[in-house]
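J.: A structural model of the following input is requested.
(chains A and B)
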Amino acid sequence: MCARCLEVSRRSLLVGGGVAAASLATGVAQARVLPRDMVPLVGPGYKPTEKDEQGIWQLMDRAEEEIAGSNLLMTDPKLTGYLRDLIGKVGGPAARDFRIYLAHIPEFNAMMFPTGFAVIFSGLLLRMRSEAQLAGVIAHESGHFLRRHMIRSWRDQRRKSDIFAIAAMAAGVGGAAGGAYLGDYVQLAQLGTVLSLFQYSRAMEAEADAMGVKLIAEAGYPPIEMANVWQQLIGEETASARYRRKRRRRGSLFDTHPSPDSRMADLKLSAAEVTVPGRAYDDGRARYLSAIAAIRPMMLEDQVKLNDPGASQYLIETLAQDGWNGLLRYYEGEVWRLRNRRGDDARAALSYAAAVAYSDAPADAWRWHGISLMKAGRMSEARSAFARYLTMKPDASDAAWVRQMIG
Amino acid sequence: MNKLVRIAIVVAAPVGLGACSSVGAGEYGFSNYALVRVQRVKVGDGSLTVTPPRPYNRYRAFLWADVRDVEDWTLNGPYLDGISFVSGLKSGAYLVRQRKSADQQVPKFRSDMTPPEIVAMLESLYRVRGGAVEFRTLSLQPRPFLGANGFQFDYEHLDSDELWRKGRAVGAVINGKLYLILMDAARSHYYATILPDFESIVASAQMRR
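T.: Have a look, this model is predicted:
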């Protein structure tokens, strides 16, 4: 088996592009796309009129049916309603036509399909620090739709025979068309392959950025947050790669997107351009944190248990810029514990001890605090930590084991 | 545990395996199946013996794929069910071969690990190498194993092929080494089918002197 393929496949899905797009415009400096030039090319209730596009829509409808029925979807109505409202705010003229699905997959990813439905991975929600940041990603994806990037790239590349590849994939027949191995999240990954056939050029990514900045600014979000999202992602990828002593991750986000530095610079310039002096912008952080509060522990769990210490640690520290709390300290401890290098158990123990000092410390923090104390030979303190754990979580799945430890 | 990994990868990527074969055997090597008869057999590196209640298929990985202390069996094929044996994994060793440069890693075993730590190591195995997107601990309780104070761990997980699987592991750390027998199967039908086999295999387990 090809483990490398797995890594690449995970990353190659990022933001709806195939890795192949990387080579299209390497090293060519491009003039910045101006937000004011970004006029939506579709209006409300858009339906294709030409044959090739109609064919694609038909197949995409089947793809959407499959996705809508997947048991990887998170269907909590509060959360999905929140996302629907958000795309309603930053979706431009097509706002009411978009559909948005949330998949329980611990990766940073969001993708827009040619018919106007978007799939967001839960790993993306974990990484956003405010509603403005999430709105920025969604607006970027909306931009691809509003600027009709899928059909434009399709026609540019004149690869009409690929329609058969799409048909085959939508029918669930094959997944390796185009030579891309996408073995990981099968159902969704196959659809990722579908998307990779609509390779966005860097120019299109730049358009989507400019459009996105414009859309979120109009909706009253600070437009600079789009640049901040990129900064965070660059930081995370770099931290993960440095940790494993690599230059950077293969198949990373930046293979499909404009070079991070020029992109950052463009996003900052565009943000400054659309910012209206005197207007109040709200990043909606409190609203965002309350919307994801119920699933944040689960999302942290998903990330940290992947044992990618460089990325997880960076991520936790980034989230902690808005303030440390018991949850973040607990997961910081989990990062060290799973990393399991010399001295990490002591680091983890410190984090657990710090976590339980917060009133919002999760029950699990008390359990691990107890285990750390027990391993350090501090049995009586360990017992009281375990007792606290059982008080908070009387029907804990490991209660029998913990009771045995208490003796 | 190679099979355990393979389960998930095979399951998650029936197409991908073919697509990848041109790249070579990759990290996991080649493999085949061999019959396990109803008699006392050595498993893993030979320091553990068990008696299966009916014939099983031993899944062998060889070349560089192999972790010596780990052996995998299946009844209906790795998509559907499997039983894995860990026969004395040493401190500092891993359940699977992995590259140092992989972004996501299965934690290494340490002899001072408590059952919750071993359980977390298994959870990471499923998440990192198996592509599990949801993992639930159903119970962790004390259970004697091989005459030592061991544990029983029950869990279920939703994998990226959208199938729920369920498993049970029974293990103990003896003289600083991890001994473990683990079953993992599709939650509907197959779990219940091989659970009695698993229990009888666990009951039959003996350390070789």
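J.: How confident was the prediction at residue 184?
T.: Going with chain A. Looking at residue A:184, its pLDDT stands at 39.
J.: that's the wrong chain, I wanted chain B
T.: For residue B:184, pLDDT reads 95.
J.: What is the neighbour count of the closest residue to it other than its chain neighbours?
T.: Using Cβ to Cβ, 6 or more residues apart in numbering or on different chains and skipping residues adjacent in sequence, the residue nearest residue B:184 is residue B:167, 3.7 Å away. From N, CA and C alone the C-beta is placed, and that goes for glycine too. Residues near residue B:167, counting by other Cβ atoms under 10 Å in any protein chain shown, number 24.
J.: ok, now which ones touch residue B:167?
T.: Residue B:167 makes contacts with B:154-157, B:182-185, B:191, as judged by Cβ atoms under 8 Å, 6 or more residues apart in numbering or on different chains.
J.: and these, which of them are in helices?
T.: Using DSSP state H, the members of the contacts of residue B:167 that fall within helices are residue B:191.
J.: which one of the contacts of residue B:167 has the most neighbours?
T.: residue B:184 (31 neighbours).
J.: is that residue in a bridge, and if so with what?
T.: residue B:82, residue B:167 (DSSP bridges).
J.: Could you do residue B:70 as well?
T.: Per DSSP bridges, the residues bridged to residue B:70 are residue B:86.
J.: need the helices for chain B, in chain order.
T.: Here chain B has its helices, by DSSP H, at B:2-12, B:14-21, B:115-124, B:130, B:190-204.
J.: Those: lowest mean pLDDT?
T.: helix B:14-21 (a mean of 26).
J.: what about the stretch 51-200 of chain A, any weak spots by pLDDT?
T.: Along the stretch 51-200 of chain A, the parts satisfying pLDDT under 70 run over A:157-199.
J.: What segments of it are helices?
T.: A:51-68, A:77-90, A:122-127, A:131-146, A:149-157, A:162-170, A:186-196 (DSSP state H, counting those that start in this stretch).
J.: Next, count neighbours for residue A:57.
T.: By other Cβ under 10 Å, the residues close to residue A:57 number 16.
J.: same check, this time on residue A:137
T.: Neighbour count for residue A:137, taken as other Cβ under 10 Å: 26.
J.: what does residue A:309 give?
T.: Neighbour number of residue A:309 under other Cβ under 10 Å is 23.
J.: Could you list which residues are in contact with the closest residue in space to it that isn't next to it in sequence?
T.: Leaving aside its sequence neighbours, residue A:309 sits nearest to residue A:339 (Cβ to Cβ, 6+ apart; 4.4 Å). By Cβ under 8 Å, 6+ apart, residue A:339 lies in contact with A:307, A:309, B:107.
J.: Local confidence estimate at residue A:339?
T.: For residue A:339, the model assigns a pLDDT of 92.
J.: Next, it: phi, psi?
T.: Backbone torsions of residue A:339, given as degrees, to the nearest 10, read phi -60, psi -40.
J.: wouldn't residue A:229 be in contact with residue A:138 here?
T.: No. Using Cβ atoms under 8 Å, residue A:229 makes no contact with residue A:138, being 11.0 Å away.
J.: Which one of the two is surrounded by more residues?
T.: Taking other Cβ under 10 Å, residue A:229 and residue A:138 do not tie; residue A:138 has more neighbours (26 against 23).
J.: Which parts of chain B are strands?
T.: B:31-36, B:41-43, B:48-50, B:56-61, B:70-74, B:81-89, B:134-145, B:148-158, B:164-174, B:177-186, B:206-207 (DSSP state E).
J.: Listing partners with orientation, what would you give for the second one?
T.: This means strand B:41-43. Sheet pairing of strand B:41-43 (DSSP bridges) gives strand B:48-50 (antiparallel).
J.: Over to the first one?
T.: Sheet pairing here is set by DSSP bridges, and for strand B:31-36 it gives strand B:56-61 (antiparallel).
J.: now the angle from the strand it pairs with to strand B:70-74?
T.: Following axes from the mean of the first three to the mean of the last three Cα atoms, to 10 degrees, one obtains 130 degrees for the angle between strand B:56-61 and strand B:70-74.
J.: how far away is the residue nearest to residue A:105 when sequence neighbours are not counted from residue A:156?
T.: Nearest residue to residue A:105, sequence neighbours excluded (Cβ to Cβ, 6+ apart): residue A:121, at 4.4 Å. Separation of residue A:121 from residue A:156 (Cβ to Cβ, to the nearest Å) stands at 28 Å.
J.: ok, these two, which is more surrounded?
T.: More crowded of residue A:121 and residue A:156, by other Cβ under 10 Å: residue A:121, with 25 against 13.
J.: Quickly list what that one is bridged to.
T.: Residues in beta-bridge contact with residue A:121 (DSSP bridges): residue A:103.
J.: So it sits against residue A:103, correct?
T.: Yes. Here residue A:121 reaches residue A:103: they are 5.3 Å apart, a contact under Cβ under 8 Å.
J.: Look at residue 35 and report its pLDDT.
T.: Looking at chain A here, since you left the chain open. 91.
J.: right idea, wrong chain: chain B
T.: Per-residue confidence at residue B:35 stands at 91 (pLDDT).
J.: Residue B:35: neighbour count?
T.: Residue B:35 has 8 nearby residues by other Cβ under 10 Å.
J.: quick one: contacts for the spatially closest residue to it that is not a sequence neighbour?
T.: For residue B:35, ignoring the flanking residues on the chain, the nearest one in space by Cβ to Cβ, 6+ apart is residue B:55 at 6.1 Å. Contact analysis of residue B:55 by Cβ under 8 Å, 6+ apart lists B:35-38.
J.: PyMOL command for the buried members of those residues?
T.: Remark: buried members of these, expressed as a PyMOL selection using 16 or more other Cβ atoms under 10 Å in any protein chain shown:
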select buried, chain B and resi 36
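J.: what's the most distant pair in the contacts of residue B:55?
T.: Farthest pair in the contacts of residue B:55 (Cβ to Cβ) is B:35 and B:38. Separation: 10.3 Å.
J.: Let me have the contacts of residue B:167 in CSV, extended by distance to residue A:51.
T.: Formatted as CSV, the contacts of residue B:167 follow (distance: Cβ to Cβ, whole Å):
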residue, distance to residue A:51
B:154, 55
B:155, 51
B:156, 47
B:157, 45
B:182, 55
B:183, 54
B:184, 49
B:185, 48
B:191, 50
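J.: That concludes my questions; thank you for your assistance.
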